[in-house]
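Engineer: With the sequence up front, the predicted model follows.
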Amino acid sequence: MQTRLQRFEFNQIRMGVDTPIVVYAPDEEHAVRACRAAYTRISALEQMMSDYRANSELNLLCQRAVGRWVRVSAELFYVLWRAQKLAHQTDGAFDITVGPLVRLWREARRTGKLPDEAALQEARARSGYRLLELSRAKRAVRLHAEGMQLDLGGIAKGYACDSALRVLRQHGIQHALIQMGGDIVAGEAPPGESGWKIALAAPTLDDSTNYLLLKNGALATSGSTEQYVEIEGVRYAHIIDPRTGLGLTRLILARVRARDGITADSLATAAAVLGMPDAKRLERLYKGVRVQVWEAGLRQTATKLTPNGRL
Ligand code: AMP
Ligand code: MG
């Protein structure tokens, strides 16, 4: 006889954002054990990929790999590889070497002032995806300028959701949903339903709320509507336009559906930089991916993704 599955929800902060996990499990003990393992897994990835932690594997790599090959963990290498692939495909619109420019943006948010031209020039000289070299054979990384800073903020959360889902599956849990900020990854639908019902606050000014049914896939939202600093009447979003070195100044929102979180997350960030019509090209590069972009008539702040409206 099949055990009846019950719904359990947890919420912890990881990588600086609320990270709710919803699972269906035979009992609470099972759910707690599995979700604890999933959160532990995300913590391990944070220690690997955070640019906020001085001693993360990523930051140690930035210090050590200038002019020489440094071998990295298989997971960090995979994420770097996917990021570089997308950088090439988008001609650098997606670019994880924007770290020095992100630091300038964070400073601007703190001080309310834009960086001066010299600081911008200097940071730009330390950025550019061509300055980051990967060797698959060595599973190693080499950097070609002093003071480079890699930033996986546009891709790591999606990957972390994928990893958490894998851990849940190893614990025998199939029906699960994980959210980290604008990134959602779903396993099987809730028992008896055809998908996880995700409430999407409408990005546009008409007030409708849309619903989307998600299962065995990922959904990511990126854009300039939520995190930005306003200076002299101009909004600079936390996503850097590598062509200017500054935060995106146009209002844009990108939503990507994909088979997994790493793809959805990274493509959503890329789509926000590319804008239309270029963002649509991503659908041809990645099988089964759906890209939507809104640029006109957006709310100034928008889109909380709310799985099942209950988290
Ligand atoms: P997301 O919220 O997934 O769109 O990611 C935004 C984060 O990605 C920023 O906070 C930065 O850490 C990082 N980032 C900023 N600009 C870029 C860019 N052009 N390409 C890749 N990552 C970026
Ligand atoms: Mg992203």
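Structural biologist: Great, that's in hand. Ligands and ions are numbered 1, 2, ... in the order given.
Engineer: Spit out the contact partners of A271.
Structural biologist: Shown in contact with A271 (Cβ atoms under 8 Å, 6 or more residues apart in numbering): 222, 254, 256, 279, 282, 291, 293. Any C-beta I mention is one placed from the backbone N, CA and C, and that applies to glycine too.
Engineer: near ligand 1, which residues of the stretch 101-250 of the chain?
Structural biologist: The stretch 101-250 of the chain comes close to ligand 1 at residues 102, 151, 153-154, 182, 222, 238-240, 242, as judged by Cβ under 6 Å from any ligand atom.
Engineer: switch to 8 Å and redo it
Structural biologist: By Cβ under 8 Å from any ligand atom, the part of the stretch 101-250 of the chain that sits against ligand 1 consists of 101-102, 151-155, 157-158, 181-183, 220, 222-223, 227, 238-242.
Engineer: And the residue of the stretch 151-300 of the chain found nearest ligand 1, its phi and psi?
Structural biologist: In the stretch 151-300 of the chain, the residue that lies nearest ligand 1 is G153 (2.3 Å; Cβ to the nearest ligand atom). Dihedral pair for G153: phi -60, psi -20, per degrees, to the nearest 10.
Engineer: Could you do E230 as well?
Structural biologist: Here is the backbone geometry of E230 (degrees, to the nearest 10): phi -110, psi 120.
Engineer: OK, contacts around it?
Structural biologist: By Cβ under 8 Å, 6+ apart, the neighbours of E230 are Y236.
Engineer: can you pull up the bridge partners for it?
Structural biologist: With DSSP bridges as the criterion, E230 is bridged to R235.
Engineer: how much space between it and G181?
Structural biologist: Distance of E230 to G181, given as Cβ to Cβ, to the nearest Å: 21 Å.
Engineer: just L101 next, same as before
Structural biologist: L101 sits 21 Å away from G181, going by Cβ to Cβ.
Engineer: more crowded one of the two?
Structural biologist: A count of neighbours by other Cβ atoms under 10 Å puts L101 above the other of L101 and G181, at 25 against 22.
Engineer: hang on, the earlier thing: sort out which of the residues of the stretch 101-250 of the chain next to ligand 1 are buried, if you could.
Structural biologist: Buried members of those, scored by 16 or more other Cβ atoms under 10 Å, are 101-102, 151-155, 157-158, 181-183, 220, 222-223, 227, 238-242.
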